[in-house]
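Student: no FASTA, just this:
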């Protein structure tokens with residue numbers, strides 16, 4: 001394993017970011033999805049090089065389910081949850097994209113939701129620090145700091161995987177390998193009380 005980086009997890013590098021020494025371990029039961037099968041990774045944050053374009057699979061799932069700040073990894077309070085790249089969108093638009101399972105069935109298509117993708121809300125202080133130091137966010141013209149709604153819903157995104165046969169049956173006549181669904185990331189949507197498709201959050205705090 002490569003040595004520990006001088007960059008600090010949660011300070012210089014977001015807590016949710018993968019590192020080059022955190023290899024994919026394959027499909028295993030994971031507590032972040034109640035013991036279901038999920039794609040899992042080694043836990044060696046801070047070793048090797050940060051993979052800024054990739055979230056660590058387990059940490060991402062935990063951040064959404066437990067409302068942990070993706071920057072520092074600590075829990076966010078209800079009155080201190082902010083997003084900087086999520087977008088307001090009508091619920092019907094997400095349903096048209098095939099994400100119906102992420103939304104309550106009784107939620108009107110006109111209701112505005114905050115499509116956060118796989119990114120949980122951050123503390124405002126962490127948002128401010130990341131906007132000051134992250135070159136990707138500085139260069140992104142679509143950054144808009146919004147307060148995250150008090151209500152939200154999640155959807156576990158799944159991928160198809162091939163189940164490996166146990167070693168004791170390898171000598172038996174071969175059958176078609178079983179294909180199973182396993183958890184990858186978790187999608188997050190905040191639910192607002194707004195119906196106006198042109199609505200924009202008015203509680204934005206400038207940074």
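Tutor: On my side now, so go ahead. Not measured: the values here are computed from a predicted model.
Student: which residues does the residue nearest the centre of the chain contact?
Tutor: Note on the chain: the residue nearest the mean C-alpha position is residue 118, at 2.6 Å, using Cα atoms, centre = their mean. Counting by Cβ atoms under 8 Å, 6 or more residues apart in numbering, residue 118 touches 55, 60, 64, 157, 185-188. Heads up, the C-betas are built off the backbone N, CA and C, glycines and all.
Student: distance of it relative to residue 155?
Tutor: The spacing between residue 118 and residue 155, counted by Cβ to Cβ, to the nearest Å, is 10 Å.
Student: what sits in contact with each of those two?
Tutor: 186-187.
Student: okay if I get the contacts of residue 118 as a markdown table plus distance to residue 145, secondary structure and pLDDT?
Tutor: Output for the contacts of residue 118, formatted as a markdown table (distance: Cβ to Cβ, whole Å; DSSP: H, G, I helix; E, B strand; the rest coil; pLDDT from 0 to 100):
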| residue | distance to residue 145 | secondary structure | pLDDT |
| --- | --- | --- | --- |
| 55 | 20 | strand | 96 |
| 60 | 21 | helix | 97 |
| 64 | 19 | helix | 96 |
| 157 | 26 | strand | 90 |
| 185 | 23 | strand | 95 |
| 186 | 22 | strand | 95 |
| 187 | 21 | strand | 92 |
| 188 | 17 | strand | 94 |
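Student: closest to residue 134 among those?
Tutor: Proximity of those to residue 134 (Cβ to Cβ) peaks at residue 55, which lies at 14.5 Å.
Student: how many residues are close by that closest one?
Tutor: Residue 55 has 20 neighbouring residues, counting by other Cβ atoms under 10 Å.
Student: nearest residue to it other than its sequence neighbours?
Tutor: Excluding the flanking residues, the one nearest residue 55 by Cβ to Cβ, 6 or more residues apart in numbering is residue 16, at 5.1 Å.
Student: wouldn't that neighbour be in contact with residue 63 here?
Tutor: Yes - counting by Cβ atoms under 8 Å, residue 16 does reach residue 63; the two are 5.4 Å apart.
Student: just the strands in the protein please.
Tutor: Per DSSP state E, the chain carries strands over the ranges 17-19, 24-29, 37-41, 50-55, 82-83, 87-90, 112-117, 146-147, 151-162, 179-191.
Student: turn these into JSON lines, including distance to residue 126.
Tutor: Output for the strands of the chain, formatted as JSON lines (distance: least, Cβ to Cβ, whole Å):
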{"stretch": "strand 17-19", "distance to residue 126": "13"}
{"stretch": "strand 24-29", "distance to residue 126": "27"}
{"stretch": "strand 37-41", "distance to residue 126": "23"}
{"stretch": "strand 50-55", "distance to residue 126": "15"}
{"stretch": "strand 82-83", "distance to residue 126": "8"}
{"stretch": "strand 87-90", "distance to residue 126": "20"}
{"stretch": "strand 112-117", "distance to residue 126": "15"}
{"stretch": "strand 146-147", "distance to residue 126": "14"}
{"stretch": "strand 151-162", "distance to residue 126": "18"}
{"stretch": "strand 179-191", "distance to residue 126": "17"}
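Student: just so I know, which of these lies nearest residue 102?
Tutor: Nearest of these to residue 102, taken as Cβ to Cβ: strand 151-162 at 3.5 Å.
Student: I'm done for today, thanks for sticking with me.
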